[in-house]
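Chemist: quick one: sequence and predicted model below, then my questions.
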Amino acid sequence: MQSKASQERKQGRRSAETAEQTKCLIMHVAADMFAELGFERVSLRNISESAGVSHSLIRYHFGSKEQIWQAVSDGMDSYLQRYIAELLLEIPDTQDSAHRIYLFLVSLNAVILCEPKPIQFIADAVRQKNDALLAYFLRSKDQFSAVFKSLFEDYNQQHPDTPIELWEMKWQMLQHAHAAVSLKPMLNETWPELDGNEDALLLRHWELYNKQVAMQMSIAKEDMIHPTNLADLLLDIPCHVEPAS
């Protein structure tokens with residue numbers, strides 16, 4: 001027969017697991033709502049109703065809407081950091097720096113198009129009258145770029161007459177990805193023959209970026225990649241937002 005202390009420890013573990021599951025649920029619901037509606041149009045009451053938990057429980061776990069937003073943003077930032085690190089490991093060292101940058105950019109663009117929440121959060125932060133949300137995003141930009149900075153430095157050392165600017169390439173990617181999110185109805189207008197097939201439309205949109213980067217990096221046509229579905233380019237790293245440990 002279990003001792004009272006053992007029973008209390010088990011009950012404590014179950015309570016901690018339940019609390020963690022509740023926080024995850026709240027963050028996933030909040031992430032969807034912030035991405036779809038924007039920060040200003042979402043309230044704690046909206047989140048509690050959609051998550052099926054009490055308003056007071058959300059305040060207990062997070063305190064405020066701003067803190068939920070920050071927790072979700074941290075989760076997405078952590079996901080992209082892990083994804084970029086794994087993506088760099090997947091790109092063969094045998095390729096020259098130009099081809100490695102090409103593969104890196106078009107592969108990263110694929111996941112951003114398929115998992116648009118980070119772009120939606122950034123765009124919404126820019127729209128806010130209060131700069132606090134945007135400042136929260138920009139706080140880690142140097143840390144974020146450090147992961148792949150050496151890739152661009154290698155190229156510029158090998159091509160001193162035609163260097164590329166890391167932040168310009170990042171800006172091009174942000175523009176391209178945001179267009180697919182903010183102007184989504186225009187995708188079908190551009191390619192009506194695809195009859196609203198979202199996967200096919202995103203692939204066709206991605207191909208425009210693929211051609212642009214290949215041209216910038218002087219990649220031969222025969223060395224370009226042309227997946228039949230963007231999912232073929234994704235690594236097996238699900239986009240989950242989790243509470244900070």
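Modeler: Received the coordinates, thanks. What you see is a predicted model, and the numbers here were worked out from it, not measured in a lab.
Chemist: just for this structure, where's the confidence low?
Modeler: By pLDDT under 70, the weakly predicted segments of the chain are 1-16, 129-130, 137-144, 239-245.
Chemist: how about the helices in it?
Modeler: Ranges of helices in the chain, per DSSP state H, are 4-37, 44-51, 55-62, 65-90, 97-114, 117-127, 132-138, 141-158, 166-182, 184-190, 198-216.
Chemist: most tightly packed of the ones you listed?
Modeler: Comparing the helices of the chain by mean neighbour count (mean count of other C-beta atoms under 10 Å), helix 97-114 ranks first with a mean of 21. C-betas here are computed from N, CA, C, even on glycine.
Chemist: give me the angle between that helix and helix 117-127.
Modeler: Angle, helix 97-114 to helix 117-127, by axes from the mean of the first three to the mean of the last three C-alpha atoms, to 10 degrees: 80 degrees.
Chemist: tell me the contacts of the residue nearest to the spatial centre of the chain?
Modeler: Nearest to the mean C-alpha position of the chain, by C-alpha atoms, centre = their mean, lies residue 118 at 4.2 Å. Shown in contact with residue 118 (C-beta atoms under 8 Å, 6 or more residues apart in numbering): 76, 80, 112.
Chemist: quick one, what contacts the nearest residue to the last one once chain neighbours are set aside?
Modeler: Across the structure, with C-beta to C-beta, 6 or more residues apart in numbering as the measure, the residue nearest residue 112 apart from its sequence neighbours is residue 177 (4.5 Å). With contact set as C-beta under 8 Å, 6+ apart, residue 177 has these partners: 109, 112, 113, 116, 119.
Chemist: and the furthest pair within those?
Modeler: 109 and 116 (11.6 Å; C-beta to C-beta).
Chemist: one step back: want to throw the contacts of residue 118 into JSON lines with distance to residue 128?
Modeler: Shown next, in JSON lines, are the contacts of residue 118 (distance: C-beta to C-beta, whole Å):
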{"residue": "76", "distance to residue 128": "17"}
{"residue": "80", "distance to residue 128": "21"}
{"residue": "112", "distance to residue 128": "21"}
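Chemist: residue 45: which of the residues you listed is nearest?
Modeler: Taking C-beta to C-beta as the measure, residue 45 sits nearest to residue 76 out of those, at 23.6 Å.
Chemist: do you know how far the closest one is from residue 82?
Modeler: Using C-beta to C-beta, to the nearest Å, we find residue 76 at a distance of 11 Å from residue 82.
Chemist: do residue 70 as well
Modeler: 19 Å.
Chemist: repeat for residue 171
Modeler: Computed as C-beta to C-beta, the residue 171 to residue 82 distance reads 23 Å.
Chemist: then residue 107?
Modeler: In this view, residue 107 and residue 82 are 14 Å apart by C-beta to C-beta.
Chemist: with residue 63 instead?
Modeler: Residue 63 is 27 Å from residue 82, where distance means C-beta to C-beta.
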